[in-house]
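Chemist: Below is the sequence, then the predicted model.
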Amino acid sequence: MTEIVLFETIYWKIILFEDQAYLGRCVIVLKRHCDELSNLTLDEWSDFYEVVKKLEFALKKTFKATMFNWACLMNDAYKSKNPKPQVHWHFRPRYNSDVLFMGEKFEDLEFAHHYSRERKKIVSYEFLKEIAKEISKYL
């Protein structure tokens, strides 16, 4: 699947995830190689702050997200023999009520609890483009 980039900044690339179990789920990737949060520059942190504000605003407006889970884990990088971790964030909007979009129902069954890594809702590339189009109206 070709990735859908919602937007980019000078330092970050915001990619809409094909797994939309949490409607609007994205990954935010630092454009340069960096393996630890402590190695981010002040400019990168400042730019990330702007990304957070922009994404949270857009998802509140687009789908009425209630709150957001942000995760920077990088565990998977260390499953390989020669790990190459890359600073990135997972963004999961959370919803206290169901969202209906293009005839598809999105339920946040664990609202107010930790998100489920096992729950998946893979959507088609065309459906993902429609999600991106809606979110982009508020970016």
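Modeler: Ah, there it is.
Chemist: and the spatially most central residue of the chain, what does it touch?
Modeler: The chain has residue 26 as the residue nearest its centroid, 1.8 Å off, counting by C-alpha atoms, centre = their mean. Residue 26 makes contacts with 6, 14, 15, 16, 17, 55, 90, 91, as judged by C-beta atoms under 8 Å, 6 or more residues apart in numbering. C-beta here means a position set from N, CA and C on the backbone, and glycine is covered the same way.
Chemist: swap the cut-off to 7 Å and go again
Modeler: For residue 26, the set of contacting residues under the criterion of C-beta atoms under 7 Å, 6 or more residues apart in numbering consists of 6, 14, 15, 16, 17, 55, 91.
Chemist: how about it, phi and psi?
Modeler: Main-chain torsions, residue 26, degrees, to the nearest 10: phi -140, psi 170.
Chemist: ok, and the closest non-adjacent residue to it?
Modeler: Among residues not flanking residue 26 along the chain, residue 91 sits closest, at 4.5 Å (C-beta to C-beta, 6 or more residues apart in numbering).
Chemist: which residues are contacting the helix or strand in which that neighbour is found?
Modeler: Here residue 91 is covered by strand 88-94, with elements defined by DSSP states H and E. Residues outside strand 88-94 that contact it (C-beta under 7 Å, 6+ apart) are 22-30, 55, 59, 63, 65-72, 108, 111, 115.
Chemist: Next, the buried residues of whatever helix or strand comes next after it.
Modeler: Scanning the chain past strand 88-94 towards its C-terminal end, the next helix or strand to appear is strand 99-101 (assignment: DSSP H and E). For strand 99-101, burial by neighbour count (16 or more other C-beta atoms under 10 Å) applies to 99, 101.
Chemist: picking that back up, for the contacts of residue 26, which one is nearest residue 43?
Modeler: Nearest to residue 43 among those: residue 14, at 17.1 Å, using C-beta to C-beta.
Chemist: Relative to residue 82, how far out is the residue nearest to the centre of the chain?
Modeler: From residue 26 over to residue 82 the distance is 27 Å, taken as C-beta to C-beta, to the nearest Å.
Chemist: for residue 102, same thing?
Modeler: Following C-beta to C-beta, the distance that separates residue 102 from residue 82 is 42 Å.
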